[in-house]
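>>> Show me the folded form of this:
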Amino acid sequence: MKNLTLGKYVPYDSLIHRIDPRVKIFATIALIVAIFLPMKTYSMSFLVEGVLFVVIFTALLISHIRFKDVLVSLRSLWFLVIFLLLVYILVPKQENVLGIAWSVNGWTVYWDSFAEAGKIILRLVMMMMTTMILTSTTKPLDLTYALEWYFTPLKIFRFPAAEVAMTISIALRFIPTLLEDAQRVMKAQASRGVDFKHGRLWQKITGLTSLIVPLFVSSFMRSEELANAMECRGYDPRLKRTRYRIFHIHVKDIVAFLFVSAILSGVIVLVAMNIDLFALWGITAL
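Numbers count the residues shown, from 1 in each chain. Below is the predicted model:
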C-alpha cells in the first residue's frame with residue numbers, strides 16, 4: 001500500500017507534467033475509450049491493444065513512474081482476474097475460433113476463454129497505467145481547475161461545477177492517504193494480536209471489522225478537519241474565484257491533443273469499418 005501511486009502527485013519536471021491538465025484529462029478519457037473498443041478478431045484486438053500499451057508505457061516512462069508501482073496497484077485485483085478467467089472457462093462463448101485447449105470427461109475448455117481473460121487483464125493494466133499518469137503528473141488544484149473548466153457549459157442548467165470538481169479532486173487526493181491509514185491501523189491491530197492472514201473465515205471477518213471501524217472514524221475526522229480548514233480560509237464555491245496561475249494552451253498541448261485524437265480516431269475507424277489489417281496484408285489471423 002505504501003508504494004501505491006494512484007491518486008498521489010509525484011513532482012517532476014517531465015514533458016507530461018508540463019502539459020495542460022485539460023489536455024491530460026481529455027487524453028485519459030480518449031485512451032480509455034480506445035482501450036475498451038471491441039475489435040473484429042483476437043489478432044486485431046491484441047495488435048491494437050499492443051500499440052496502445054506501447055504508447056501508454058512510453059508516457060509512463062516519460063512521467064518517471066515505475067511499472068512496478070502499476071503492478072503493486074493491481075495486486076488487489078488478482079481475485080477479479082481469477083474470477084473472470086473461471087467465468088470464461090465455465091461459460092464459454094458460442095463461437096470458439098481458437099479451438100479446444102483440453103477436454104476431460106465431457107468438460108471442454110477452449111483457448112478463447114484464456115484469450116478473453118487476457119484481453120480483460122491487459123485492458124485493466126492499461127487503464128490503471130493511464131489513470132496513474134494523470135494523477136501522478138497533475139496537481140490536485142490543477143485537476144480541480146480542469147474538471148471545473150469541462151463542467152462550465154453545465155452551469156447553464158445550474159449544475160454545481162465547482163463543488164463536483166472539488167469533490168472529485170479531493171477523492172482522488174485522499175486515496176493514498178486512506179490506504180496509508182489502513183496500513184497504519186493494520187500494523188496497530190497486528191501488534192495487539194489480530195491476524196489478518198491466517199485463521200478461519202469468521203476470524204478474518206472479525207479482523208476486518210477491527211480494521212474498518214477505526215478507518216471510518218479516521219476518515220470522518222480527516223473530512224471534518226478538511227472542512228474546517230477550508231471554511232477558515234474562506235472557501236465558498238458559489239463565489240467567483242481568482243487564480244494565481246492561469247493556464248494557456250501551448251504548442252506541446254496542441255501536439256498532445258492531436259496525437260491522442262489521431263489514435264482514438266484510428267481505433268474508431270477500425271471498429272466502425274470492421275477492418276482486419278491482417279486480411280489486408282494477406283496474413284491468416286485468428
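>>> can you map out the helices along this structure?
15-18, 21-36, 42-62, 67-73, 78-90, 111-137, 140-151, 161-191, 201-232, 251-272, 277-280 (DSSP state H).
>>> Can you say which of those helices is nearest to Thr242?
Proximity to Thr242 (CB to CB) singles out helix 140-151 among the helices of the chain, at 11.9 Å. For glycine as for every other residue, the C-beta is placed from the backbone atoms N, C-alpha and C.
>>> in the closest one, what's buried?
If you call a residue buried by 16 or more other CB atoms under 10 Å, then helix 140-151 has these buried ones: 140-149, 151.
>>> and if you look at stretch 65-77?
Result for stretch 65-77 [16+ other CB under 10 Å]: buried residues 65, 69-70, 72-74.
>>> Adding distance to Leu179 and pLDDT, write these out as a markdown table.
Compiled in a markdown table, the buried residues of stretch 65-77 are given as follows (distance: CB to CB, whole Å; pLDDT from 0 to 100):
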| residue | distance to Leu179 | pLDDT |
| --- | --- | --- |
| Ile65 | 17 | 84 |
| Asp69 | 13 | 77 |
| Val70 | 15 | 77 |
| Val72 | 11 | 75 |
| Ser73 | 10 | 72 |
| Leu74 | 14 | 72 |
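>>> out of those, who's nearest Leu226?
Checking those one by one against Leu226 (CB to CB), the nearest turns out to be Ser73, at 24.3 Å.
>>> where does the stretch 101-250 of the chain have low pLDDT?
Scanning the stretch 101-250 of the chain for pLDDT under 70 picks out 101-107, 194-205, 207.
>>> go with 80
Confidence mapping of the stretch 101-250 of the chain against pLDDT under 80 gives the ranges 101-117, 140-141, 155, 158-163, 165-166, 168-180, 186-211, 234-246.
>>> Kindly export stretch 145-153 (C-alpha atoms) in PDB.
Coordinates of each C-alpha in stretch 145-153 appear next as PDB, following Å, rounded to 0.1, in the frame of the first residue of the first chain:
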ATOM      1  CA  TYR A 145      -9.400  23.600 -12.400                       C
ATOM      2  CA  ALA A 146      -9.500  21.300 -15.400                       C
ATOM      3  CA  LEU A 147     -12.600  19.500 -14.200                       C
ATOM      4  CA  GLU A 148     -14.400  22.700 -13.400                       C
ATOM      5  CA  TRP A 149     -13.400  24.000 -16.900                       C
ATOM      6  CA  TYR A 150     -15.100  21.000 -18.500                       C
ATOM      7  CA  PHE A 151     -18.200  21.400 -16.400                       C
ATOM      8  CA  THR A 152     -18.500  25.100 -17.200                       C
ATOM      9  CA  PRO A 153     -21.200  24.600 -20.000                       C
END
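>>> on that earlier part again, want to try CSV for the helices of the chain, with distance to Arg245 as columns?
Shown next, in CSV, are these (distance: least, CB to CB, whole Å):
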stretch, distance to Arg245
helix 15-18, 13
helix 21-36, 11
helix 42-62, 22
helix 67-73, 28
helix 78-90, 39
helix 111-137, 16
helix 140-151, 8
helix 161-191, 15
helix 201-232, 19
helix 251-272, 15
helix 277-280, 44
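>>> distance of the closest residue to Phe67 other than its chain neighbours from Asp69?
In space, and not counting its chain neighbours, Phe67 is closest to Leu60: 6.6 Å by CB to CB, 6 or more residues apart in numbering. Applying CB to CB, to the nearest Å, the value for Leu60 to Asp69 is 9 Å.
>>> same thing with Pro153?
In terms of CB to CB, Pro153 sits 36 Å off from Asp69.
>>> Ile62 too?
Where Asp69 is concerned, Ile62 sits at a distance of 15 Å (CB to CB).
>>> before we move on, what about Ile254?
30 Å.
>>> what's the answer for Ser14, then?
In this view, Ser14 and Asp69 are 15 Å apart by CB to CB.
>>> ok, back up a step: now for Leu60 and Asp69: what residues contact both?
Met132 (CB atoms under 8 Å, 6 or more residues apart in numbering).
>>> what about stretch 68-84, how long is it end to end?
23 Å (CA to CA, to the nearest Å).
>>> That one: how far from the chain's middle?
12 Å (CA atoms, centre = their mean, to the nearest Å).
>>> What of stretch 212-229?
Worked out by CA atoms, centre = their mean, stretch 212-229 lies 25 Å from the chain centre.
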